[in-house]
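**Student:** Sequence plus the predicted model coming up.
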Amino acid sequence: MIKIPNYLKIHFRKGLYSLIFSVTGRCNSRCMMCYYWQTMDESNEEKELNLDEIGHIAKRLGNLFVLFLTGGETTLRGDLPEICSIFQKECCISSIFLPTNGLNPDLTVQTIKTISQLCPKTSISVLLPLEGGRELNDSIRGVNGAFERVLESVKKLNELKISYPTISVAVNTVISNKNIKSFPSLRDYVFNELNVDMHNFSPVRGLPRNNEVQPPDFKEWTRLCSEMEKYYRGYLERRRSSKRKKFFVTNTWRHHNKLVGGILRNNRHPFKCLAGERIAVLEWDGGVRLCELTPVVGNVRNMDYDLLEVLRSYEALKQKTNINGCACTHSCFLNASLPYYPLNFMRSYLP
Ligand code: SF4
Ligand code: SF4
């Protein structure tokens, strides 16, 4: 009998596949492309969900496949390891994606180490931002010395992952008109000098703090992706992925980039986004959104910490019916929705 892997099973069962949890609104960066800046400026530590509350939420959620932790700056929450442990225990998550701005290398490493100790069976992908060379990076991120501090965090995390093989370390770059021209030199530098597991990139989205920041156009994006492919394969080689895995993941990576290109060109999603059905956003103060760019539909604090109930509320249903008309390039939402569109899903595995 054919055994269906858990990854596929969870894709096709009802309920949420993944959750984006913005653990705090606080941040020590002031990035010009940040679309979260208004929420960040209103953030208040005292209003953040505490561990008891997070425990109630996780208990009612059921199993999830992936937990995306986000912020603000994730490591500013001192109890981040305990948060991961709660979701690991209550929701049986297989993977945690953890972006951090890496501005405090010692805190970053200590936090990731403790998470790995508390969740030894969960894969932990740490994502660190680099937007260009020293000067450009620091001006985009609004912090002097950010480039050097990220390099130090990468170095320390690379050392840590020798003892904790569930950790992977990737660089993330947000592509905009501010850095697209210099991306090739950053791409080469990251690949040749940093020994990371992957270099991810995505177009800027939402309404950035600095309104001069614009996403790339279709042509620029397509060229960038096609030039990046040999590096992507290089990262897979480095990870000693099997031939079969390399074949399939390169195809899905290419297909994903094509979908993003199509959205940049047509300003239309290739299929209905399943925000609020397969993936949703929990804010630091208990607010729930269908996605990061849509307004809050309710608060778990008013619904006995039942996030799924908030997603079934009248306000959530109203927003879900309007989703058809909107478009953005957010990978998490594209990936969570894709399996429900069989032709697109199957095509994503083919060359
Ligand atoms: S993009 Fe992230 S790191 Fe930068 S200011 Fe916004 S929340 Fe902070
Ligand atoms: S397409 Fe983008 S903006 Fe629209 S609901 Fe999905 S994630 Fe949100």
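**Tutor:** Everything's here; your move. Ligands and ions are numbered 1, 2, ... in the order given.
**Student:** who's in contact with the most centrally placed residue in the chain?
**Tutor:** The centroid of the chain falls nearest to Phe68 when counting by CA atoms, centre = their mean (5.6 Å). Residues counted as contacts of Phe68 (CB atoms under 8 Å, 6 or more residues apart in numbering) are Ser18, Leu19, Ile20, Phe21, Ile96, Phe97, Cys332. (Glycine included, C-beta is placed from N, CA and C.)
**Student:** Which elements pack onto the one helix or strand the second one maps to?
**Tutor:** Put plainly, it is Leu19. Using DSSP states H and E, Leu19 maps to strand 18-22. Where contact means 3 or more CB pairs under 8 Å, 6 or more residues apart in numbering; DSSP states H and E, strand 18-22 is packed against strand 66-70, strand 279-282, helix 331-337.
**Student:** contact partners of the helix or strand just after that strand?
**Tutor:** Heading C-terminal from strand 18-22, the first helix or strand you meet, by DSSP H and E, is helix 37-41. By CB under 8 Å, 6+ apart, the surrounding residues in contact with helix 37-41 are Ser22, Gly25, Arg26, Cys27, Arg30, Cys34, Gly72, Pro208, Arg209, Glu283.
**Student:** Need the CA coordinates for the longest helix along the chain. CSV is fine.
**Tutor:** In the chain, taking DSSP state H as the definition, the longest helix is helix 243-266. Provided in CSV are the C-alpha atoms of helix 243-266 (Å, rounded to 0.1, in the frame of the first residue of the first chain):
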residue,chain,number,x,y,z
LYS,A,243,18.9,14.1,-7.5
ARG,A,244,15.2,13.5,-7.3
LYS,A,245,14.8,16.2,-4.6
LYS,A,246,16.8,18.6,-6.6
PHE,A,247,14.7,18.0,-9.7
PHE,A,248,11.4,18.5,-7.9
VAL,A,249,12.3,21.4,-5.7
THR,A,250,14.0,23.3,-8.5
ASN,A,251,10.8,22.9,-10.5
THR,A,252,8.5,24.1,-7.7
TRP,A,253,11.0,27.0,-7.1
ARG,A,254,10.9,28.0,-10.8
HIS,A,255,7.1,27.7,-10.9
HIS,A,256,6.7,29.8,-7.8
ASN,A,257,8.8,32.5,-9.3
LYS,A,258,6.7,32.4,-12.4
LEU,A,259,3.5,32.8,-10.4
VAL,A,260,5.1,35.8,-8.6
GLY,A,261,6.1,37.3,-12.0
GLY,A,262,2.6,36.8,-13.3
ILE,A,263,1.2,38.7,-10.3
LEU,A,264,3.7,41.6,-10.9
ARG,A,265,2.7,41.8,-14.5
ASN,A,266,-1.1,41.4,-14.2
